[in-house]
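*Asks:* Fold the stuff below for me.
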Amino acid sequence: MTKQTDKKRSPWSWIPTLYFAEGLPNVIVMTVAVVMYMELGMSDTEIALYTGWLGLPWVIKPFWSPFVDLLKTKRWWVLAMQLLLGSAFAGVAFTLPTAWWFQGSMFFFFLMAFSSATHDIAADGFYMIELDSHDQSWFVGIRNTCYRIAVIFGQGVLVPVAGLLQKALPDHDKAYTWSLVFFGLAGIFIAIWLYHRFIMPRPVDRSNENMTATEVLHGLKEMLVTFFTKKPARQIFFVLLFLLLYRFPEAMLTKMASTFLLRPIAEGGLGLTKEAFGLAYGTVGLVGLLLGGIVGGMLASRDGLKRWLWPFVCAITLPDIVYVYMSYAVPSNLWLISFLLFIEQFGYGLGFTALTLYMLYFSQGEFKTSHYAICTGLSYLGLMLPGMVSGWIKDMVGYREFFIIVMFLCIITFVVTAFIKIDPEFGKKK
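*Replies:* Just a heads-up that it's a prediction; the model follows:
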């Protein structure tokens, strides 16, 4: 296939599957692992701490992003990481039924996280190379939507499937049924790799296969210097605060939301079955997230990010109050729970659009792939650190007081947003 033919290939042929492949390992590592470890007998404090560490590769990925930027092509890195991810899923499947299931599964989850973080760098760089500014803004809702479809698949399909397998195979323990789920995931990722091997376009991408280690390190230094000097020092300080703290309340909430919905009522949770969890949180709630992402992308591409920034901030914070209500009312009606989760997730979808677009905006210029990786790494650090202590705080005060604390922390999101500067024309159709 010629490059000219590749250039005419519609983004619709590769963006949906590329961002599904970006989202699936992330939701497995950061959310499905939480449910699995809870089922295997771990406490909320242990779950939050250990799965919190799994976020480390996304935090430190800027340190190897220059190698993705400077060596080979973005397309090569995407395909290589997808193949490695398939192997990591198989590794988890093989180790879960063993006596060293925790050590083995954590090792392969770390490998999965590292591969996924590298895949993120390459996929986002490929996206920015293939699309112009307006198309990036327009497709941001689509890419976030496909990413969230992967999240729906992880939480809304795989978790219930694990529950159904446990009922269908009562003679086997939970570790065995979860291993079957991960064998299936390995097959899915091999299929995704094969599809992209033939479908992804071959853009004119800088490939520096003959660069020396010294040249790569020089590129790393230049990339870091340009990141921290592209704006005045005062603006850079507020950008860093925004990237670190914009999702601070959500960082506290995310891991405990899953355990709250699944823990028995006697332990302060809602006592949902895995099938009900898959419907309410993994499907209905995430449909709200998808719609929020689509609507957010459409609004930003029509009027620009700056016009909708504060509505997006309100959307990502204020709906968290539904968890305060549920912790006190303890509703048993699944459709009411689903509706409340839909509202909260729709707001998060809108608010996350603002963060994604701002990172794209700030990353413009030379080394945009690496600069975007730095932005996402800092954003993940802002998720990782609060998430690691969220289980301990919840175990200390209980779900009710924990969710009230989260609502007070929403003030931080408003404060850090007030200091960032955005070009009013960014994202508008030209």
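*Asks:* where does this protein have low pLDDT?
*Replies:* 1-8, 132-134, 137, 203-213, 216, 427-430 (pLDDT under 70).
*Asks:* Pull up the gap between the spatially most central residue of it and residue 148, please.
*Replies:* The chain has residue 26 as the residue nearest its centroid, 5.5 Å off, counting by CA atoms, centre = their mean. Distance of residue 26 to residue 148, given as CB to CB, to the nearest Å: 11 Å. (Glycine included, C-beta is placed from N, CA and C.)
*Asks:* likewise residue 350?
*Replies:* 12 Å.
*Asks:* Run through the residues that contact residue 153.
*Replies:* Counting by CB atoms under 8 Å, 6 or more residues apart in numbering, residue 153 makes contact with 20, 24, 27.
*Asks:* and which of those residues is nearest to residue 368?
*Replies:* residue 20 (23.3 Å; CB to CB).
*Asks:* can you count the residues close to the spatially closest residue to that closest one that is not a sequence neighbour?
*Replies:* Residue nearest to residue 20 in three dimensions, not counting chain neighbours: residue 150, with 4.6 Å by CB to CB, 6 or more residues apart in numbering. Close neighbours of residue 150, defined as other CB atoms under 10 Å, add up to 21.
*Asks:* looking at it, residue 150 is touching residue 28, isn't it?
*Replies:* No. In this structure, residue 150 is not within contact of residue 28 by CB atoms under 8 Å, at 9.2 Å.
*Asks:* Next up, the contacts around the residue nearest to the centre of the chain.
*Replies:* Neighbour list for residue 26: 58, 116, 150-151 [criterion: CB under 8 Å, 6+ apart].
*Asks:* so it, which of the three states?
*Replies:* What DSSP: H, G, I helix; E, B strand; the rest coil gives for residue 26 is helix.
*Asks:* separation between it and residue 332?
*Replies:* Counting by CB to CB, the gap from residue 26 to residue 332 is 32 Å.
*Asks:* before we move on, what about residue 164?
*Replies:* For residue 164, the distance to residue 332 equals 22 Å [CB to CB].
*Asks:* Between these two, point out the one with more neighbours.
*Replies:* residue 164 (14 against 11).
*Asks:* Okay, and that one sits in which element?
*Replies:* If you go by DSSP states H and E, residue 164 is part of helix 159-168.
*Asks:* chain center to the helix or strand just after that helix, what's the gap?
*Replies:* Per DSSP H and E, helix 159-168 leads on to helix 174-199 as the next helix or strand towards the C-terminus. Centre-to-centre, helix 174-199 and its host chain are 19 Å apart (CA atoms, centre = their mean, to the nearest Å).
*Asks:* Summarise which helices and strands helix 174-199 is packed against.
*Replies:* Secondary-structure packing of helix 174-199 (3 or more CB pairs under 8 Å, 6 or more residues apart in numbering; DSSP states H and E): helix 15-27, helix 33-39, helix 74-95, helix 159-168.
*Asks:* From the rest of the structure, what touches the last one?
*Replies:* The set of residues that contact helix 159-168 without belonging to it, under CB under 8 Å, 6+ apart, is 32, 35-36, 39, 174, 177-178, 180-181, 273-275, 277-279, 282.
*Asks:* how about 6 Å then?
*Replies:* The contact list for helix 159-168, computed with CB atoms under 6 Å, 6 or more residues apart in numbering, reads 35, 177-178, 180-181, 274-275, 278, 282.
*Asks:* JSON lines for the residues you listed, including distance to residue 71 and neighbour count?
*Replies:* JSON lines is the format used below for these (distance: CB to CB, whole Å; neighbours: other CB atoms under 10 Å):
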{"residue": "35", "distance to residue 71": "37", "neighbour count": "25"}
{"residue": "177", "distance to residue 71": "41", "neighbour count": "21"}
{"residue": "178", "distance to residue 71": "36", "neighbour count": "28"}
{"residue": "180", "distance to residue 71": "37", "neighbour count": "17"}
{"residue": "181", "distance to residue 71": "34", "neighbour count": "21"}
{"residue": "274", "distance to residue 71": "43", "neighbour count": "20"}
{"residue": "275", "distance to residue 71": "46", "neighbour count": "16"}
{"residue": "278", "distance to residue 71": "41", "neighbour count": "25"}
{"residue": "282", "distance to residue 71": "38", "neighbour count": "30"}
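*Asks:* which one of these is nearest residue 395?
*Replies:* Residue 395 lies nearest to residue 35 out of the contacts of helix 159-168, by CB to CB, at 17.6 Å.
*Asks:* I'd like to know how far the closest one sits from residue 300.
*Replies:* The gap separating residue 35 from residue 300 is 33 Å, by CB to CB.
*Asks:* Residue 193 now?
*Replies:* Note on residue 193: its distance to residue 300, by CB to CB, is 32 Å.
*Asks:* Just flag the most distant two among the contacts of helix 159-168.
*Replies:* 180 and 282 (18.4 Å).
*Asks:* What sits closest to residue 200 if chain neighbours are left out?
*Replies:* Nearest non-adjacent residue to residue 200, counting by CB to CB, 6+ apart: residue 14, 5.1 Å away.
*Asks:* Now do the phi/psi pair for the one you found.
*Replies:* Here is the backbone geometry of residue 14 (degrees, to the nearest 10): phi -130, psi -30.
*Asks:* Counting neighbours, what do you get for it?
*Replies:* 21.
*Asks:* and if you look at residue 365?
*Replies:* Residue 365: 10 surrounding residues under other CB under 10 Å.
*Asks:* related to what we said a few turns ago, what about the residue nearest to residue 20, which helix or strand?
*Replies:* Going by DSSP H and E, residue 150 is part of helix 133-152.
*Asks:* helices or strands next to that helix in the packing?
*Replies:* Helices and strands touching helix 133-152, by 3 or more CB pairs under 6 Å, 6 or more residues apart in numbering; DSSP states H and E, are helix 15-27, helix 285-303.
*Asks:* Please spell out which residues along stretch 232-246 are buried.
*Replies:* Neighbour-count burial for stretch 232-246, with 16 or more other CB atoms under 10 Å as criterion, is recorded at 238-246.
*Asks:* Now secondary structure and distance to residue 104 too, for those, in a markdown table please.
*Replies:* Compiled in a markdown table, the buried residues of stretch 232-246 are given as follows (DSSP: H, G, I helix; E, B strand; the rest coil; distance: CB to CB, whole Å):
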| residue | secondary structure | distance to residue 104 |
| --- | --- | --- |
| 238 | helix | 43 |
| 239 | helix | 40 |
| 240 | helix | 37 |
| 241 | helix | 39 |
| 242 | helix | 38 |
| 243 | helix | 34 |
| 244 | helix | 33 |
| 245 | helix | 35 |
| 246 | coil | 35 |
